[in-house]
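Participant: Whatever this is, show me its structure:
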Amino acid sequence: MTTPVHSVHSEKPGDSGRYTDHLWDATADLRAAIDDLEFLELLGDGTLPLDAFRTYIAQDELYLAGYAKALSILASRAPDTQTAAFWSSSAAGAVAEASLHASLLSSDALPSPGAEIEHSPACLGYVSYLVATAATEPYAVAAAAVLPCYWIYADVAVRLSLAAREVLQRDPEHPYARWVSTYDSDEFRTLVDGARALVDDAAAAATDVQRRAMTQAFRVATRYELMFWDTALHPTPWPVAR
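Facilitator: As a prediction, the model looks like this:
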(Lines give C-alpha, C1' and ligand atoms only; values in the text may rest on other atoms or scores of the structure.)
Protein backbone atom coordinates (compact mmCIF):
# COMPACT_ATOMS: atom_id res chain seq x y z
CA MET A 1 0.00 0.00 0.00
CA THR A 2 1.28 3.45 -0.86
CA THR A 3 1.64 5.64 2.21
CA PRO A 4 0.09 9.07 1.74
CA VAL A 5 2.39 12.06 1.97
CA HIS A 6 1.28 14.53 4.63
CA SER A 7 1.88 18.17 3.76
CA VAL A 8 1.14 21.18 5.91
CA HIS A 9 1.57 24.89 5.28
CA SER A 10 3.51 25.34 8.50
CA GLU A 11 5.16 22.89 10.85
CA LYS A 12 5.88 25.40 13.58
CA PRO A 13 4.93 24.20 17.05
CA GLY A 14 2.09 26.18 18.54
CA ASP A 15 0.00 26.44 15.36
CA SER A 16 -2.39 23.79 16.68
CA GLY A 17 -1.17 22.78 20.12
CA ARG A 18 1.92 20.81 21.00
CA TYR A 19 4.19 19.76 18.17
CA THR A 20 3.92 16.15 19.26
CA ASP A 21 0.15 16.43 18.74
CA HIS A 22 0.95 17.24 15.10
CA LEU A 23 3.14 14.12 14.91
CA TRP A 24 0.34 12.03 16.38
CA ASP A 25 -2.20 13.38 13.91
CA ALA A 26 0.19 12.84 11.00
CA THR A 27 0.29 9.10 11.78
CA ALA A 28 -3.45 8.51 12.33
CA ASP A 29 -3.62 6.10 9.38
CA LEU A 30 -0.73 3.99 10.62
CA ARG A 31 -2.00 3.94 14.18
CA ALA A 32 -5.43 2.80 12.99
CA ALA A 33 -3.73 -0.08 11.19
CA ILE A 34 -1.86 -0.94 14.40
CA ASP A 35 -5.11 -0.97 16.37
CA ASP A 36 -6.56 -3.47 13.86
CA LEU A 37 -3.65 -5.92 14.06
CA GLU A 38 -4.67 -9.51 14.72
CA PHE A 39 -1.52 -9.91 16.83
CA LEU A 40 -2.67 -7.25 19.32
CA GLU A 41 -6.23 -8.54 19.43
CA LEU A 42 -5.06 -12.05 20.31
CA LEU A 43 -2.47 -10.71 22.73
CA GLY A 44 -5.10 -8.72 24.59
CA ASP A 45 -7.51 -11.60 25.05
CA GLY A 46 -4.74 -14.05 25.93
CA THR A 47 -5.24 -16.36 22.94
CA LEU A 48 -2.12 -15.51 20.95
CA PRO A 49 -0.28 -18.77 20.06
CA LEU A 50 2.67 -19.34 22.37
CA ASP A 51 5.14 -19.61 19.51
CA ALA A 52 4.05 -16.21 18.17
CA PHE A 53 4.48 -14.65 21.61
CA ARG A 54 7.92 -16.21 21.93
CA THR A 55 8.84 -14.85 18.49
CA TYR A 56 7.71 -11.39 19.58
CA ILE A 57 9.61 -11.46 22.88
CA ALA A 58 12.78 -12.81 21.23
CA GLN A 59 12.68 -10.13 18.55
CA ASP A 60 11.89 -7.45 21.12
CA GLU A 61 14.96 -8.49 23.12
CA LEU A 62 17.08 -7.94 20.01
CA TYR A 63 15.28 -4.69 19.26
CA LEU A 64 15.84 -3.31 22.76
CA ALA A 65 19.60 -3.79 22.44
CA GLY A 66 19.56 -1.66 19.29
CA TYR A 67 17.14 0.84 20.78
CA ALA A 68 19.45 1.30 23.76
CA LYS A 69 22.29 2.12 21.34
CA ALA A 70 20.14 4.70 19.55
CA LEU A 71 19.14 6.30 22.86
CA SER A 72 22.76 6.41 24.02
CA ILE A 73 23.79 8.15 20.81
CA LEU A 74 20.88 10.56 21.21
CA ALA A 75 21.99 11.32 24.78
CA SER A 76 25.49 12.18 23.53
CA ARG A 77 23.99 14.75 21.14
CA ALA A 78 21.46 16.27 23.55
CA PRO A 79 21.42 20.06 23.90
CA ASP A 80 21.84 20.08 27.70
CA THR A 81 22.77 17.80 30.59
CA GLN A 82 19.22 17.31 31.85
CA THR A 83 18.05 16.13 28.43
CA ALA A 84 21.10 13.91 28.09
CA ALA A 85 20.33 12.36 31.47
CA PHE A 86 16.79 11.48 30.38
CA TRP A 87 17.88 9.71 27.20
CA SER A 88 20.77 8.01 28.98
CA SER A 89 18.46 6.75 31.73
CA SER A 90 16.05 5.52 29.06
CA ALA A 91 18.87 3.60 27.40
CA ALA A 92 19.66 1.91 30.71
CA GLY A 93 15.97 1.11 31.10
CA ALA A 94 15.90 -0.56 27.69
CA VAL A 95 18.83 -2.76 28.70
CA ALA A 96 17.05 -3.72 31.92
CA GLU A 97 13.86 -4.49 29.97
CA ALA A 98 15.84 -6.72 27.61
CA SER A 99 17.14 -8.69 30.60
CA LEU A 100 13.56 -9.31 31.74
CA HIS A 101 12.76 -10.61 28.26
CA ALA A 102 15.75 -12.95 28.48
CA SER A 103 14.45 -14.26 31.80
CA LEU A 104 11.03 -14.96 30.31
CA LEU A 105 12.56 -16.65 27.27
CA SER A 106 14.65 -18.96 29.44
CA SER A 107 11.69 -19.94 31.63
CA ASP A 108 9.31 -22.84 31.13
CA ALA A 109 6.46 -20.44 30.29
CA LEU A 110 7.34 -20.39 26.58
CA PRO A 111 8.29 -23.15 24.15
CA SER A 112 11.89 -23.69 23.05
CA PRO A 113 12.81 -21.70 19.92
CA GLY A 114 14.34 -24.74 18.24
CA ALA A 115 16.92 -22.63 16.39
CA GLU A 116 19.26 -19.71 16.97
CA ILE A 117 17.39 -16.42 17.04
CA GLU A 118 18.38 -13.77 14.51
CA HIS A 119 16.92 -10.38 13.69
CA SER A 120 13.83 -10.52 11.51
CA PRO A 121 13.84 -8.18 8.50
CA ALA A 122 11.45 -5.83 10.32
CA CYS A 123 13.52 -5.83 13.52
CA LEU A 124 16.83 -5.27 11.74
CA GLY A 125 15.33 -2.55 9.59
CA TYR A 126 13.88 -0.78 12.60
CA VAL A 127 16.98 -0.79 14.79
CA SER A 128 19.24 0.08 11.85
CA TYR A 129 17.03 3.04 11.03
CA LEU A 130 17.00 4.31 14.62
CA VAL A 131 20.75 3.95 15.15
CA ALA A 132 21.56 5.59 11.80
CA THR A 133 19.11 8.43 12.46
CA ALA A 134 20.47 9.02 15.95
CA ALA A 135 24.03 9.12 14.59
CA THR A 136 23.60 11.15 11.42
CA GLU A 137 20.46 13.30 11.55
CA PRO A 138 19.96 16.52 13.55
CA TYR A 139 19.15 15.96 17.20
CA ALA A 140 15.51 17.01 16.78
CA VAL A 141 14.93 14.50 13.97
CA ALA A 142 16.53 11.70 15.99
CA ALA A 143 14.39 12.54 19.02
CA ALA A 144 11.24 12.32 16.90
CA ALA A 145 12.36 8.94 15.54
CA VAL A 146 12.69 7.31 18.97
CA LEU A 147 9.36 8.66 20.28
CA PRO A 148 6.92 6.17 18.68
CA CYS A 149 8.40 3.27 20.63
CA TYR A 150 7.44 5.02 23.87
CA TRP A 151 4.15 6.57 22.87
CA ILE A 152 2.56 3.86 20.74
CA TYR A 153 3.34 1.16 23.31
CA ALA A 154 1.59 3.20 25.98
CA ASP A 155 -1.35 3.98 23.71
CA VAL A 156 -1.85 0.34 22.76
CA ALA A 157 -1.49 -0.83 26.36
CA VAL A 158 -4.33 1.45 27.52
CA ARG A 159 -6.74 -0.27 25.14
CA LEU A 160 -5.48 -3.75 25.93
CA SER A 161 -5.38 -3.29 29.69
CA LEU A 162 -9.05 -4.04 30.33
CA ALA A 163 -8.82 -7.36 28.50
CA ALA A 164 -5.53 -8.07 30.26
CA ARG A 165 -7.11 -7.55 33.69
CA GLU A 166 -9.82 -10.04 32.78
CA VAL A 167 -7.19 -12.55 31.68
CA LEU A 168 -5.21 -12.05 34.89
CA GLN A 169 -8.33 -12.68 36.97
CA ARG A 170 -8.60 -16.09 35.30
CA ASP A 171 -4.85 -16.76 35.31
CA PRO A 172 -2.70 -14.51 37.55
CA GLU A 173 0.50 -15.86 35.95
CA HIS A 174 -0.51 -15.38 32.32
CA PRO A 175 2.61 -13.94 30.58
CA TYR A 176 0.63 -11.99 27.97
CA ALA A 177 -1.45 -10.11 30.50
CA ARG A 178 1.61 -9.39 32.67
CA TRP A 179 3.38 -7.92 29.63
CA VAL A 180 0.44 -5.63 28.83
CA SER A 181 0.23 -4.51 32.45
CA THR A 182 3.89 -3.46 32.39
CA TYR A 183 3.20 -0.78 29.80
CA ASP A 184 -0.16 0.33 31.20
CA SER A 185 1.35 1.90 34.30
CA ASP A 186 1.80 5.36 35.77
CA GLU A 187 5.58 4.91 35.64
CA PHE A 188 5.58 4.19 31.93
CA ARG A 189 3.14 7.01 31.18
CA THR A 190 5.44 9.40 33.06
CA LEU A 191 8.31 8.26 30.86
CA VAL A 192 6.23 8.84 27.74
CA ASP A 193 5.29 12.33 28.93
CA GLY A 194 8.96 13.13 29.50
CA ALA A 195 9.93 11.97 26.02
CA ARG A 196 7.11 13.96 24.44
CA ALA A 197 8.17 17.12 26.29
CA LEU A 198 11.74 16.76 25.01
CA VAL A 199 10.53 16.31 21.43
CA ASP A 200 8.33 19.40 21.82
CA ASP A 201 11.38 21.32 23.07
CA ALA A 202 13.45 20.05 20.15
CA ALA A 203 10.77 21.13 17.66
CA ALA A 204 10.66 24.61 19.17
CA ALA A 205 14.39 25.02 18.53
CA ALA A 206 14.35 23.37 15.09
CA THR A 207 14.14 24.92 11.64
CA ASP A 208 11.15 24.41 9.34
CA VAL A 209 13.17 21.91 7.31
CA GLN A 210 14.09 19.98 10.44
CA ARG A 211 10.48 19.94 11.64
CA ARG A 212 9.38 18.43 8.33
CA ALA A 213 12.10 15.83 8.74
CA MET A 214 10.85 15.17 12.29
CA THR A 215 7.40 14.36 10.93
CA GLN A 216 8.85 11.98 8.37
CA ALA A 217 11.04 10.28 10.98
CA PHE A 218 8.07 9.82 13.30
CA ARG A 219 6.09 8.26 10.43
CA VAL A 220 8.90 5.92 9.42
CA ALA A 221 9.34 4.70 13.01
CA THR A 222 5.57 4.23 13.32
CA ARG A 223 5.59 2.12 10.14
CA TYR A 224 8.23 -0.06 11.73
CA GLU A 225 6.13 -0.39 14.89
CA LEU A 226 3.30 -1.73 12.71
CA MET A 227 5.59 -4.12 10.85
CA PHE A 228 7.33 -5.30 14.01
CA TRP A 229 4.12 -6.41 15.72
CA ASP A 230 2.53 -7.88 12.60
CA THR A 231 5.51 -10.04 11.65
CA ALA A 232 5.49 -11.76 15.06
CA LEU A 233 2.28 -13.48 13.98
CA HIS A 234 2.85 -13.34 10.21
CA PRO A 235 6.64 -13.66 9.83
CA THR A 236 8.49 -12.51 6.73
CA PRO A 237 11.43 -14.91 6.38
CA TRP A 238 14.78 -13.91 4.99
CA PRO A 239 15.39 -15.05 1.38
CA VAL A 240 17.17 -18.37 1.13
CA ALA A 241 19.86 -18.98 -1.50
CA ARG A 242 19.07 -21.82 -3.89
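Participant: top helix in this protein by residue count?
Facilitator: Of all segments of type helix in the chain, defined using DSSP state H, the longest is helix 139-170.
Participant: May I see the buried residues of that one?
Facilitator: Buried residues in helix 139-170, counted by 16 or more other CB atoms under 10 Å: 139-157, 160-161, 163-164, 167-168. C-betas here are computed from N, CA, C, even on glycine.
Participant: and if you look at stretch 232-242?
Facilitator: Within stretch 232-242, judged by 16+ other CB under 10 Å, the buried ones are 232-233.
Participant: For the chain, which segments count as helices?
Facilitator: Here the chain has its helices, by DSSP H, at 19-25, 28-35, 38-45, 50-76, 81-105, 121-136, 139-170, 175-183, 186-205, 208-233.
Participant: So for Val240, which of the ones you listed sits nearest?
Facilitator: Closest approach to Val240 among those is made by helix 121-136 (12.9 Å; CB to CB).
Participant: list the helices and strands the closest one packs on?
Facilitator: In terms of contacts (3 or more CB pairs under 8 Å, 6 or more residues apart in numbering; DSSP states H and E), helix 121-136 is packed against helix 50-76, helix 139-170, helix 208-233.
Participant: Next, format those helices as TSV and append distance to Asp200 and mean pLDDT.
Facilitator: Shown next, in TSV, are the helices and strands packed on helix 121-136 (distance: least, CB to CB, whole Å; pLDDT from 0 to 100):
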stretch	distance to Asp200	mean pLDDT
helix 50-76	15	93
helix 139-170	10	88
helix 208-233	11	97
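Participant: which residue sits closest to the residue most central in space within the chain, ignoring its sequence neighbours?
Facilitator: Per CA atoms, centre = their mean, the C-alpha nearest to the average position across the chain is that of Cys149, at 2.1 Å. Residue nearest to Cys149 in three dimensions, not counting chain neighbours: Tyr67, with 6.3 Å by CB to CB, 6 or more residues apart in numbering.
Participant: Report how many residues lie close to the one you found.
Facilitator: Counted with other CB atoms under 10 Å, residues neighbouring Tyr67 total 25.
Participant: Kindly report the same for Pro175.
Facilitator: 18.
Participant: His174 too?
Facilitator: Around His174 there are 17 residues (other CB under 10 Å).
Participant: ok, the closest residue in space to Leu226 that isn't next to it in sequence - contacts?
Facilitator: Nearest residue to Leu226 in three dimensions, chain neighbours excluded: Ile34, at 5.1 Å (CB to CB, 6+ apart). Counting by CB atoms under 8 Å, 6 or more residues apart in numbering, Ile34 makes contact with 40, 152, 156, 222, 225-226, 229.
Participant: which one of those residues is nearest Phe86?
Facilitator: Ile152 (18.8 Å).
Participant: still on that earlier bit, list the residues that contact the residue nearest to the centre of the chain.
Facilitator: When contacts are taken as CB under 8 Å, 6+ apart, Cys149 is in contact with 67, 221, 225.
Participant: nearest to Gln210, of those residues?
Facilitator: Closest approach to Gln210 among those (CB to CB): Ala221, at 16.0 Å.
Participant: Distance check, the residue nearest to that closest one when sequence neighbours are not counted against Trp238.
Facilitator: Nearest residue to Ala221, sequence neighbours excluded (CB to CB, 6+ apart): Pro148, at 4.3 Å. Pro148 is 25 Å from Trp238, where distance means CB to CB, to the nearest Å.
Participant: now do Tyr150
Facilitator: Distance, Tyr150 to Trp238, by CB to CB: 29 Å.
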